[in-house]
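Participant: coordinates for the following, if possible.
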Amino acid sequence: LPAVCGMCVCVACVCCQLMFLCCRLSSTLANKSTQIEIIELCLDLLNAVVCYSSLPTDALLSFVTTLCLSLNIERVARKSLEVMLRLLGTHLGHSAIYTMCTILQERSRGQDALLLRGAVFYISMSLWGVRRVESLELSFGSVLPSVRQAVLSGHTIVVYEVALSLGRLVRCYSAQLHPLEWDLIYAALEAIQLHLSRLQQALVEPAAVPSSSLGQCLRELFASIEEAYEGGQSIGDAERFFSLLEGSTELLPVRSVLTLLSYRSSVICSAEPGWLEPGWLEQLLGFMEKFYRQETRSAIRVEALNFLGRVLAESPASHQSEVLERVALPVLQPVAEDPDGEVRCRAMQLLIHLLGETPKWAEPLLAIISSVLQNGLDKATQCKAEGEEGPKLPASKAAIFGLTQLFKAKLHSSSPVAAKVFHLLVAFLHQHYQQGCFLPTACAMRMNIFNCILSLRANEAGQVGYQESGSVRFSPFFTCCLVPGCETPAASSLSPTLLNYRAAFSAVLVCLEEEREWEVLAGLLHQLQGLLQDRTLTLAGMPDLSSLCQQLCVMAEEQGPHITQLYNLSSKADLAACTYPVLANLCSYPSHLDRKAQHVLVCCLEAGLVGNNAKTCISALEICSLELQATMTRLLPRVLYRLGQVAATPTLARPVLSFLAGLVPICALYSGFVEQQYLSVFGIALPYTNQEKYSSYVVVLAHQVIAMWFVRCRMQYRPTIARFIHKSLAMNLSRGGAGQQGKGGGEGR
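Facilitator: Okay, here's the model as predicted:
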């Protein structure tokens, strides 16, 4: 029996040696051969060895090496994979994984890129791939150091395979990774980033895998980790991950960069009040340099500005000025030249917000805003000169609309920002007309400014307020006049700030002379009606009302050279309808109108009697008879002659009779009347005695007016006037009787 046992041992040893030799020779032949048929036969032999569990441990290294190399041959890759998975499912599975990790760790094998790639693939496929071997009880952390070491080999194809493998691991098992494993993944990612950077800078030899493919793979890997982070899963050291993201922003989609900015903002803004450490401002400036100045994608740059705004809002008051001076202002200073309209708009919103929150920095902030507005006007003027379509000016529009809202908000605070904004808006209006900027977007800006400055009102003390929804709340901090008799009660120890309304009136005159957009002109005329009713504010601006009056009269008579150039004006009657109410309000400023302006005003109102604005003109002439008596004395005969040409309608009955009745007490107006002029007065009033056409009130009022004027006329004219009145009344009565007979004796009025 001992002899038999010894023989068996010898046979077994011989068989083991033969099997080792067979595996080694097959591996060597497969590695060196270039013929696919021979490689396939060698793999079949190795597969048979594994199937019979006859693989010697000493042959494991050569066996694994052959499988790793043959994986890179497309025609035998599938067969190589099947053999490896079968090997990993045996009792030698853990040893095979260890062998592949050793291959990745050994520097002597670092020159064989295909061998390293195969080892990385088999490790990832067997432990976390779609063909995972369940019998392998190994943690991810046990192999990740070796996988990271493979990246250091410097072979792009190996780095690419590692990136793919890590992507599969994160997508499938991110919830099972513990912090140490995340640290190993991040270490591998850092090495991949470094290699990609060197590849893009041509510091490493080009490979079959282009840098764009490696960059895409890295981008997908970052996206998988980001998805896990947003899903609430633990990703280990989040700061380390976002530092990796920050190092590859040029590869990342906008969404990932926005996530990075959101994280940075939340970390900074949630810190304790003493978070400003030495050097932090330089870091913030570097952050804005990278994500705002160097970045080209609009969404990222806008989010960077949002980030800066949140930092300024959350920073301690003691450091806010330092952040503004060293970061915000240098970053936003060149925004006027920025080609990105969306970024300029957001920058304007941020600047206006800072202007409202930090009034002591108003000068540099307003200087930046002003440069943006001027740049927009210059571009519009250049496009107009070259015959091109004008720019949309989104930043200028955002600035103007934001400034008007800020002006309204700051009007009731002691800050002088409101006055500076007011003066900037008025100066911008003048600049508009000087450069002839009549773009549609510029039209909206002018409308907004005029609505803002012409909605102001002042009380008897000179306090300024903003009219909104029919009500006005006056501010004790701003005044429109500092003259004797206009004392502003001080609400504080500070004296009120003066708003220079004279420049605003000057802009109104320029608008009336040069405006080309009917929408703007119509809005201005509508606002002027209400403004002229506020004598304190109107006179505080020391306006040239004579020039205003003459310009409005030219427009009302449709004689202005720019009237024919008005855009969107459907009918010239619309222009007259907007102009005559403003002229009616000017009648109450007799001492501020020179003789020529008064004459032009009355003549214009006289001309308007024969149009659709007769009622407004009659009421205005009634005021003129009280306020402009000298002018009305000369022009009253003309006015009465023109009024006699107006059709006697029920609509005009009361205004006409009221006008005639108002003239009676002012004897100086008609002291020089002759018979014909008295007859024209009765000729105007007598048609309103017809009971068939007019109400009883109008008929009685007409009789009263006739009686009053008859008493006032001279004695020598009364016989002729009496016969004229008798004849006219008789005709009215006869017409009334004929009308009753025609109705079959029906009831009269």
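
Participant: tell me which residues in stretch 466-484 are buried?
Facilitator: Tyr466, Gln467, Val472, Phe474, Ser475, Pro476, Phe477, Phe478, Thr479, Cys480, Cys481 (16 or more other Cβ atoms under 10 Å). C-beta: built from backbone N, CA, C; applies to glycine.

Participant: got a pLDDT number for Ala399?
Facilitator: Ala399 carries a pLDDT value of 92.

Participant: quick revisit: got TSV for the buried residues of stretch 466-484, with distance to Tyr122, pLDDT and secondary structure too?
Facilitator: As requested, those are exported to TSV (distance: Cβ to Cβ, whole Å; pLDDT from 0 to 100; DSSP: H, G, I helix; E, B strand; the rest coil):
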residue	distance to Tyr122	pLDDT	secondary structure
Tyr466	76	90	strand
Gln467	80	88	strand
Val472	82	88	strand
Phe474	83	91	strand
Ser475	79	89	strand
Pro476	83	89	strand
Phe477	78	89	strand
Phe478	80	89	strand
Thr479	85	88	strand
Cys480	85	84	coil
Cys481	90	74	coil
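
Participant: low pLDDT regions in the stretch 51-200 of the chain?
Facilitator: For the stretch 51-200 of the chain, the stretches flagged by pLDDT under 70 are 54, 110.

Participant: one step back: which single one of the buried residues of stretch 466-484 is nearest to Val639?
Facilitator: Taking Cβ to Cβ as the measure, Val639 sits nearest to Gln467 out of the buried residues of stretch 466-484, at 34.5 Å.

Participant: you'd agree the closest one is up against Ser455?
Facilitator: Yes - counting by Cβ atoms under 8 Å, Gln467 touches Ser455, with 4.9 Å between them.

Participant: which residues do the two both contact?
Facilitator: Taking Cβ atoms under 8 Å, 6 or more residues apart in numbering as the contact rule, Gln467 and Ser455 touch no residue in common.

Participant: need the buried residues of stretch 466-484 in a markdown table (columns: distance to Ser315).
Facilitator: Listed next are the buried residues of stretch 466-484 as a markdown table, based on distance: Cβ to Cβ, whole Å:
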| residue | distance to Ser315 |
| --- | --- |
| Tyr466 | 32 |
| Gln467 | 38 |
| Val472 | 38 |
| Phe474 | 36 |
| Ser475 | 30 |
| Pro476 | 32 |
| Phe477 | 28 |
| Phe478 | 31 |
| Thr479 | 36 |
| Cys480 | 38 |
| Cys481 | 41 |
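
Participant: pick out whichever of these sits closest to Ala648.
Facilitator: Nearest to Ala648 among the buried residues of stretch 466-484 is Gln467, at 39.0 Å by Cβ to Cβ.

Participant: from Phe401, how far off is Phe478?
Facilitator: Phe478 sits 21 Å away from Phe401, going by Cβ to Cβ, to the nearest Å.

Participant: should've said Arg293
Facilitator: Distance from Arg293 to Phe401, by Cβ to Cβ: 26 Å.

Participant: Val520 now?
Facilitator: Distance of Val520 to Phe401, computed by Cβ to Cβ: 15 Å.

Participant: settle it for me: which of the two has more neighbours?
Facilitator: Comparing Val520 with Phe401 by other Cβ atoms under 10 Å, the one with more neighbours is Val520, at 23 against 18.

Participant: and whatever helix or strand that one lives in, what's its mean pLDDT?
Facilitator: For Val520, the element it lies in under DSSP states H and E is helix 518-532. What helix 518-532 shows for mean pLDDT is 91.

Participant: check stretch 266-274 too.
Facilitator: The average pLDDT for stretch 266-274 rounds to 57.

Participant: from the centroid of the chain, which residue is nearest?
Facilitator: For the chain, the residue nearest the mean C-alpha position is Cys345 (5.1 Å; Cα atoms, centre = their mean).

Participant: chain neighbours aside, what residue packs nearest to that one?
Facilitator: Once flanking residues are discounted, Cys345 sits nearest to Ala398: 4.4 Å by Cβ to Cβ, 6 or more residues apart in numbering.
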